[in-house]
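Q: One predicted model, sequence on top.
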Amino acid sequence: MSLALALAGAAPAQAIAAPTAAVPMAQPAEPPIGTTGPATFDIAGLKLGMAPDAVRQALGRAGYRVERTSNDSDFRNMVASKAAWVRRQQYNGTQTALRSINAVGPAGERLEIQFAQWPAGPRASYIVYFGNKDRQTVEALKSQVLAKFGQPSWRSGSSPKWCAVEDSCGPLDRPRRPTLSAEFYSWMLVLQTGPEVSEAYDALVEREVRKLAPLTDKSSF
């Protein structure tokens, strides 16, 4: 996420405990993934916006085994942490929400799924596939990718990209909606959300932070 939530550098007067009252369900509770183009694509059954349970089920169906996971603060704790930083206080939160899953496939393929923390829970925002170059040739990978996803929006022999029809998709463009990128000679596919989702997330966090730490018209001086 583009929004940094670390508390490094803060000089708190005192530590505060996690609030007992939950942050009210904010809107949008789910990421605005979209319904066209790469927003509908899947890698091994994994789609953007999936919840952790659905991701684990898809991995199992595709024959992948989870190797490791990592955790993060959930949405409520992320908002409280940011609000504490705004107040120059220390926040003693917890990290119990799923941040990432790394899994290995039946032919030695690897998948990494990263999650963003939304009010409704963690949702897949970045899915990267690493093929096994010792098990599949570049030509076979290209053929399989084109058969599954069709012709790319940006045609390149080794680094094609698929975008929503609403977005420009050249090598220097930054599409606002989800994209799928391939790097055939690295045996890699990347399915990820775009600025449309990250901007919605940042605005949502800011609104919720200001409920806990509103702006003031006066300072003490």
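A: Right, received. Where do you want to start?
Q: Give me the average confidence score over the top helix by length along the chain.
A: Ranked by residue count, the top helix of the chain under DSSP state H comes out as helix 195-212. Mean pLDDT, computed over helix 195-212, is 95.
Q: What is that helix packed up against?
A: helix 75-86, strand 110-118 (3 or more Cβ pairs under 8 Å, 6 or more residues apart in numbering; DSSP states H and E). Quick note: C-beta positions are derived from backbone N, CA and C, even for glycine.
Q: for it, which positions count as buried?
A: Within helix 195-212, the residues that count as buried by 16 or more other Cβ atoms under 10 Å are 196-198, 201, 204-205, 208-209.
Q: How about stretch 151-169?
A: 152-154, 159-164, 167, 169.
Q: CSV please, covering the residues you listed and showing pLDDT, secondary structure and distance to Val145.
A: Formatted as CSV, the buried residues of stretch 151-169 follow (pLDDT from 0 to 100; DSSP: H, G, I helix; E, B strand; the rest coil; distance: Cβ to Cβ, whole Å):
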residue, pLDDT, secondary structure, distance to Val145
Pro152, 96, coil, 9
Ser153, 96, coil, 14
Trp154, 94, strand, 14
Ser159, 94, coil, 12
Pro160, 95, coil, 8
Lys161, 96, strand, 12
Trp162, 97, strand, 10
Cys163, 97, coil, 15
Ala164, 96, coil, 18
Asp167, 95, coil, 20
Cys169, 93, coil, 16
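Q: Reduced to three states, what does the residue sitting nearest the centre point of the chain come out as?
A: Per Cα atoms, centre = their mean, the C-alpha nearest to the average position across the chain is that of Ser125, at 2.5 Å. Here Ser125 is recorded as strand under DSSP: H, G, I helix; E, B strand; the rest coil.
Q: Report how many residues lie close to the closest residue to it other than its chain neighbours.
A: With Cβ to Cβ, 6 or more residues apart in numbering as the criterion, Ser125 has its nearest non-adjacent residue at 4.2 Å, and that residue is Ala116. Applying other Cβ atoms under 10 Å, we find 22 residues neighbouring Ala116.
Q: right, and Ala116 touches Pro31 too?
A: Yes: here Ala116 reaches Pro31: they are 6.6 Å apart, a contact under Cβ atoms under 8 Å.
Q: Now do the shared contacts for these two.
A: 123, 125, 193, 197, 201 (Cβ atoms under 8 Å, 6 or more residues apart in numbering).
Q: Which one of the buried residues of stretch 151-169 is nearest to Leu59?
A: Trp162 (22.4 Å; Cβ to Cβ).
Q: returning to what we had before: columns distance to Ala140 on top of the buried residues of helix 195-212, output as JSON lines?
A: Formatted as JSON lines, the buried residues of helix 195-212 follow (distance: Cβ to Cβ, whole Å):
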{"residue": "Glu196", "distance to Ala140": "34"}
{"residue": "Val197", "distance to Ala140": "33"}
{"residue": "Ser198", "distance to Ala140": "34"}
{"residue": "Tyr201", "distance to Ala140": "37"}
{"residue": "Leu204", "distance to Ala140": "42"}
{"residue": "Val205", "distance to Ala140": "43"}
{"residue": "Glu208", "distance to Ala140": "47"}
{"residue": "Val209", "distance to Ala140": "49"}
